[in-house]
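Participant: Pasted the sequence and its predicted model underneath.
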Amino acid sequence: MYRHTLEVAPKGERELVMTRRFDAPRALVFRALTEPHLVKRWLLGPDGWILSVCEIDLQEDGLYRYVWTHAERGEDMGMGGRYLEIERPDLIVHTEQFDMSWYPGSAIVTTRLTEAAGVTTFEITITYESTEARDIVAASPMREGAGASYDRLDSLLAGLATA
């Protein structure tokens, strides 16, 4: 389904950790995660979805908003949150709340980027309000949707690196 390995593992009682490596410098990966015109090209999830709204105010206490639209069904799925901490190009911490939450509560998402020899390791730790919420997400098709998006990100990064 996707080319590269996306590692997803529970940690502690309330966390999920997703890890993926990209053949791109950390600064370029950071740009692709934070610039709306780039995010709209890869953060799509499974086939059939587009990111119709992508608003990012990348500063501490700034807000972000994403809305995905399914092209055939006309269905929307929205979410957003607030940036809590930003250390360019190493760290982004933000809240996450879906409009119609499919898991109880909200989450805190910590994204860390580390680079060695031109390869960036992308590690996301999602801390949920409860073990129940974490387990609901872990049992969902989240790995496939995230994997498809990260494959698109990988292709985007390859194109940006050669441009």
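Facilitator: Received the coordinates, thanks.

Participant: C-alpha only now, for contacts and for neighbours.
Facilitator: Noted.

Participant: May I see the buried residues of the longest strand out of those in the chain?
Facilitator: Assignment by DSSP state E gives strand 76-87 as the longest strand of the chain. Going by neighbour count (16 or more other CA atoms under 10 Å), the buried part of strand 76-87 is 76-78, 80-86.

Participant: hmm, which helix or strand of this protein has the shakiest average pLDDT?
Facilitator: None of the helices or strands of the chain scores lower by mean pLDDT, DSSP states H and E than helix 142-162, at a mean of 91.

Participant: so what secondary structure elements neighbour that one?
Facilitator: With contacts taken as 3 or more CA pairs under 8 Å, 6 or more residues apart in numbering; DSSP states H and E, helix 142-162 sits against helix 26-34, helix 36-42.

Participant: list the buried ones in the first one?
Facilitator: Within helix 26-34, the residues scored as buried using 16+ other CA under 10 Å are 26-27, 29-30, 32-34.

Participant: Stretch 11-31 too?
Facilitator: Buried-residue list, stretch 11-31, by 16+ other CA under 10 Å: 14-27, 29-30.

Participant: can I get the CA coordinates of stretch 51-62 in PDB?
Facilitator: What follows is the C-alpha trace of stretch 51-62 in PDB, where atoms were taken according to Å, rounded to 0.1, in the frame of the first residue of the first chain:
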ATOM      1  CA  LEU A  51      -7.200  19.100   1.700                       C
ATOM      2  CA  SER A  52      -9.600  21.800   0.900                       C
ATOM      3  CA  VAL A  53      -8.700  24.100   3.800                       C
ATOM      4  CA  CYS A  54      -5.200  24.500   5.100                       C
ATOM      5  CA  GLU A  55      -4.600  27.500   7.400                       C
ATOM      6  CA  ILE A  56      -1.400  27.700   9.400                       C
ATOM      7  CA  ASP A  57      -0.400  30.500  11.800                       C
ATOM      8  CA  LEU A  58       3.000  29.100  12.700                       C
ATOM      9  CA  GLN A  59       3.800  30.800  15.900                       C
ATOM     10  CA  GLU A  60       3.400  29.900  19.600                       C
ATOM     11  CA  ASP A  61      -0.300  30.300  20.400                       C
ATOM     12  CA  GLY A  62      -1.000  30.500  16.700                       C
END
